[in-house]
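Undergrad: Please work out how this folds:
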Amino acid sequence: MSELEQLEQRVLGLSPEDLAKFRAWFIELEHRLWDKQVEADLAAGKLDRLIAEARAEFKAGKAREL
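TA: Next up is the predicted model:
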(Lines give C-alpha, C1' and ligand atoms only; values in the text may rest on other atoms or scores of the structure.)
Protein backbone atom coordinates (compact mmCIF):
# COMPACT_ATOMS: atom_id res chain seq x y z
CA MET A 1 0.00 0.00 0.00
CA SER A 2 1.41 3.40 -1.00
CA GLU A 3 1.97 6.20 1.47
CA LEU A 4 -0.95 8.09 -0.07
CA GLU A 5 -3.25 5.09 0.27
CA GLN A 6 -2.20 4.71 3.90
CA LEU A 7 -2.94 8.37 4.52
CA GLU A 8 -6.34 8.04 2.87
CA GLN A 9 -7.18 5.10 5.12
CA ARG A 10 -6.09 7.03 8.21
CA VAL A 11 -8.24 10.01 7.20
CA LEU A 12 -11.22 7.74 6.62
CA GLY A 13 -10.75 6.40 10.16
CA LEU A 14 -10.87 9.80 11.85
CA SER A 15 -13.70 10.68 14.19
CA PRO A 16 -16.06 13.40 12.97
CA GLU A 17 -14.41 15.86 15.36
CA ASP A 18 -10.89 15.01 14.23
CA LEU A 19 -11.97 15.06 10.59
CA ALA A 20 -13.32 18.60 11.08
CA LYS A 21 -10.01 19.66 12.66
CA PHE A 22 -8.06 18.01 9.84
CA ARG A 23 -10.25 19.69 7.22
CA ALA A 24 -9.70 23.12 8.81
CA TRP A 25 -5.95 22.50 8.98
CA PHE A 26 -5.81 21.33 5.36
CA ILE A 27 -7.79 24.31 4.09
CA GLU A 28 -5.43 26.65 5.95
CA LEU A 29 -2.45 24.79 4.45
CA GLU A 30 -3.88 25.20 0.94
CA HIS A 31 -4.35 28.93 1.55
CA ARG A 32 -0.77 29.34 2.78
CA LEU A 33 0.62 27.40 -0.19
CA TRP A 34 -1.50 29.44 -2.61
CA ASP A 35 -0.30 32.70 -1.04
CA LYS A 36 3.30 31.51 -1.28
CA GLN A 37 2.85 30.64 -4.97
CA VAL A 38 1.26 34.01 -5.76
CA GLU A 39 4.10 35.80 -3.95
CA ALA A 40 6.68 33.80 -5.94
CA ASP A 41 4.87 34.48 -9.23
CA LEU A 42 4.66 38.18 -8.39
CA ALA A 43 8.37 38.35 -7.53
CA ALA A 44 9.22 36.51 -10.78
CA GLY A 45 7.21 39.01 -12.83
CA LYS A 46 4.68 36.40 -13.95
CA LEU A 47 1.78 38.66 -13.01
CA ASP A 48 3.12 41.87 -14.52
CA ARG A 49 1.09 41.55 -17.74
CA LEU A 50 -2.14 40.90 -15.85
CA ILE A 51 -1.50 43.80 -13.50
CA ALA A 52 -0.81 46.12 -16.44
CA GLU A 53 -3.99 44.98 -18.21
CA ALA A 54 -6.08 45.53 -15.08
CA ARG A 55 -4.63 49.01 -14.56
CA ALA A 56 -5.27 49.90 -18.20
CA GLU A 57 -8.88 48.71 -17.98
CA PHE A 58 -9.39 50.68 -14.79
CA LYS A 59 -7.94 53.85 -16.35
CA ALA A 60 -10.15 53.35 -19.41
CA GLY A 61 -13.21 53.10 -17.19
CA LYS A 62 -13.80 49.44 -18.02
CA ALA A 63 -13.31 48.31 -14.43
CA ARG A 64 -14.33 49.67 -11.10
CA GLU A 65 -12.59 49.82 -7.78
CA LEU A 66 -13.67 47.24 -5.22
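Undergrad: So for the residue in the chain sticking out farthest from the centre, what pLDDT did the model give?
TA: For the chain, the largest distance from the centre (CA atoms, centre = their mean) belongs to A60, which lies 30.4 Å off. A60 carries a pLDDT score of 91 in this model.
Undergrad: Return the distance of it relative to D48.
TA: 18 Å (CB to CB, to the nearest Å). Where C-beta positions appear, they are placed from N, C-alpha and C, glycine not excepted.
Undergrad: For the chain, give me the ranges with low pLDDT.
TA: Low-confidence segments of the chain (pLDDT under 70): 64-66.
Undergrad: Show residues contacting stretch 18-27.
TA: Stretch 18-27 is contacted from outside by V11, L14, using CB atoms under 8 Å, 6 or more residues apart in numbering.
Undergrad: Just the element for the residue nearest the centre of the chain, please.
TA: Ranked by distance to the mean C-alpha position of the chain (CA atoms, centre = their mean), the top residue is W34 at 3.2 Å. In this structure, W34 sits in helix 16-43 according to DSSP states H and E.
Undergrad: what angle do the next helix or strand after that helix and helix 16-43 make?
TA: The helix or strand immediately downstream of helix 16-43 is helix 48-59, counting by DSSP H and E. Here the directions of helix 48-59 and helix 16-43 differ by 90 degrees (axes from the mean of the first three to the mean of the last three CA atoms, to 10 degrees).
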